[in-house]
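dropping a prediction and its sequence here:
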Amino acid sequence: MASKSDPSKEPEAKKRKQVRVWVDGCFDMVHFGHANALRQAKALGDVLIVGVHSDKEVTRHKGIPVMSEKERYKMVRSIKWVDEVVEDVPYVTPVSILDEHNCDFCAHGDDITFAPDGSHSYQAIVDAGRFKTFKRTQGVSTTDLVGRMLLMTKEHFLDSEKEDIVAQSPVKKFAVNEMGAITITFLPLSTSQNPLGTNPYNGLFKFLRTSQRIIDFSGGTVKEPKSGDKVVYVAGDFDLFHVGHVAFLEKCLQFGNYIIIGLHEDRVVNSYKGRNFPIMNLHERVLGALACRYVSDVVIGAPYQIEEDLLDFFKVDFVVHGRTPIKPCHDGSDPYQVARDRGIFRQIDSNNPLTTNDIVHRIIRNRMKFEERNERKESVDKRGQESCES
Ligand code: CTP
Ligand code: C5P
């Protein structure tokens with residue numbers, strides 16, 4: 001009779017080798033499209049190694065990134081499907097880098113941009129037969145997000161009434177006043193310019209919201225807290241989920257190991273932040289939060305005022321708020337009063353000053369620099385033309 005072999009006694013060489021997947025990119029203003037890319041890439045193997053380009057390399061090939069290399073490295077490290085990050089990798093991926101990091105193949109979204117000669121920055125990898133693709137996530141890109149910020153659209157809001165969709169007009173001009181604040185002049189916008197379902201400025205289809213994507217991002221099921229786990233509840237908009245949020249959540253880990261994020265509804269965020277905030281709608285913010293390795297669960301559309309029933313339901317040990325000011329409820333009351341009364345409220349300093357507003361300001365400043373450069377170039381070209389004619 002043949003005896004069954006015990007796998008733990010198999011020689012090392014006979015054990016299945018782990019498949020190591022390489023992905024590289026700029027990962028500027030990391031969004032759930034990037035996170036979904038990394039989720040898919042991880043599913044192609046066992047270990048995911050992500051190479052991130054330095055500021056110098058991104059600037060040389062694409063233009064100045066909005067987020068610094070330090071911020072981009074930290075952000076990619078915080079994504080739950082990432083096992084290793086390699087900093088400062090070349091823009092054009094050499095086969096040697098796969099060998100250096102012991103990777104089997106390189107994966108990229110099925111959106112490769114080709115140079116006029118038909119080649120692309122993964123040509124050598126393709127030629128070596130070590131290239132795989134995954135589906136690019138439609139409806140989100142850095143360009144789309146920049147559009148939402150610059151053009152002040154609100155059409156991405158989940159709970160937009162039809163008449164609200166053309167909520168604000170495209171921006172005509174940006175200027176910085178003597179106090180350093182950014183002032184914005186709007187252009188009139190007709191409803192005909194804003195067909196439902198697509199972004200009128202870049203023609204992109206709105207992201208199709210499915211519960212499947214939320215299930216994918218939660219890793220199939222959300223694990224309940226185990227006995228002995230300490231539950232930390234934090235609330236906010238967590239818009240454009242960024243390194244400031246990551247730094248805050250890292251600090252929250254001193255109070256517990258099971259972090260629940262309560263995400264406020266779009267209209268609630270808009271009522272206290274104004275303009276076209278949030279830049280990402282509730283569904284997008286859910287995905288952004290779920291992609292973070294420190295987050296165990298999210299409350300989709302959390303109450304602004306944190307009441308007894310929520311704290312009891314989730315058996316919350318601590319409620320934590322970061323370095324940003326606490327905005328009172330509409331009736332002037334403190335949203336954290338109940339948690340304070342229970343003695344479980346803590347306010348901490350994330351030691352990272354970045355806010356969503358700062359990201360919007362960086363984009364506007366970049367845009368202003370770009371426009372100034374273009375204006376200078378146009379006037380130089382015009383002068384050159386005039387001197388040729390005379
Ligand atoms: N990616 C994706 N879906 C998106 C955006 C990016 O699958 N909506 C993938 C890209 O295909 C690539 C990886 O994420 O494999 C890293 O992309 P990156 O180099 O950061 O840049 P872009 O593709 O330019 O992303 P974006 O347009 O959002 O800047
Ligand atoms: O501003 P938002 O609601 O997204 O913030 C969510 C939480 O993250 C808040 O508790 C806020 O104080 C905290 N935070 C922080 N440091 C940052 C950004 C946010 O502590 N740089």
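Structure's in. What do you need? Residues are numbered from 1 along each chain as shown. Ligands and ions are numbered 1, 2, ... in the order given.

contacting residues for the closest residue in space to Asp28 that isn't next to it in sequence?
Spatial nearest neighbour of Asp28, chain neighbours left out: Pro65 (4.3 Å); criterion: C-beta to C-beta, 6 or more residues apart in numbering. Just so you know, the C-beta spots here come from the backbone N, C-alpha and C atoms, and that holds for glycine as well. Pro65 makes contact with 26, 28, 55, 58-59, 72, according to C-beta atoms under 8 Å, 6 or more residues apart in numbering.

now the residue of the chain found nearest ligand 2: how far from Gly129?
As assessed by C-beta to the nearest ligand atom, ligand 2 sits closest to Gly322 within the chain, at 1.9 Å. Going from Gly322 to Gly129 by C-beta to C-beta, to the nearest Å gives 48 Å.

which of those two has more neighbours?
The neighbour count for Gly322 versus Gly129, taken as other C-beta atoms under 10 Å, is higher for Gly322 (20 against 7).

helices along this protein, start to end?
Ranges of helices in the chain, per DSSP state H, are 32-43, 55-61, 69-77, 95-100, 123-127, 142-151, 211-217, 243-252, 266-273, 282-290, 308-313, 337-342, 356-389.

which of those sits most buried?
Greatest average neighbour count among the helices of the chain goes to helix 282-290 (a mean of 25), per mean count of other C-beta atoms under 10 Å.

helices or strands up against that helix?
Counting contacts by 3 or more C-beta pairs under 8 Å, 6 or more residues apart in numbering; DSSP states H and E, helix 282-290 packs against helix 32-43, helix 211-217, strand 258-263, strand 295-300.

residues in contact with that helix?
31-32, 35-36, 140, 156, 158, 207, 209, 213-214, 217-218, 237-241, 261, 263, 265-266, 278, 280, 295, 298, 300-301.

tell me which parts of the stretch 151-300 of the chain are close to ligand 2?
Residues of the stretch 151-300 of the chain found near ligand 2 (C-beta under 6 Å from any ligand atom) are 234, 236-239, 244-245, 248.

8 Å instead?
Proximity of the stretch 151-300 of the chain to ligand 2 (C-beta under 8 Å from any ligand atom) is limited to residues 234-239, 242-245, 247-249, 251, 264, 269.

about what we covered before: mean pLDDT lowest for which of the helices and strands packed on helix 282-290?
Looking over the helices and strands packed on helix 282-290, mean pLDDT reaches its minimum on helix 211-217, with a mean of 86.

start and end of stretch 86-96, how far apart?
14 Å (C-alpha to C-alpha, to the nearest Å).

from the chain's centre, how far out does stretch 16-31 sit?
Distance of stretch 16-31 from its chain centroid, counting by C-alpha atoms, centre = their mean, to the nearest Å, is 15 Å.
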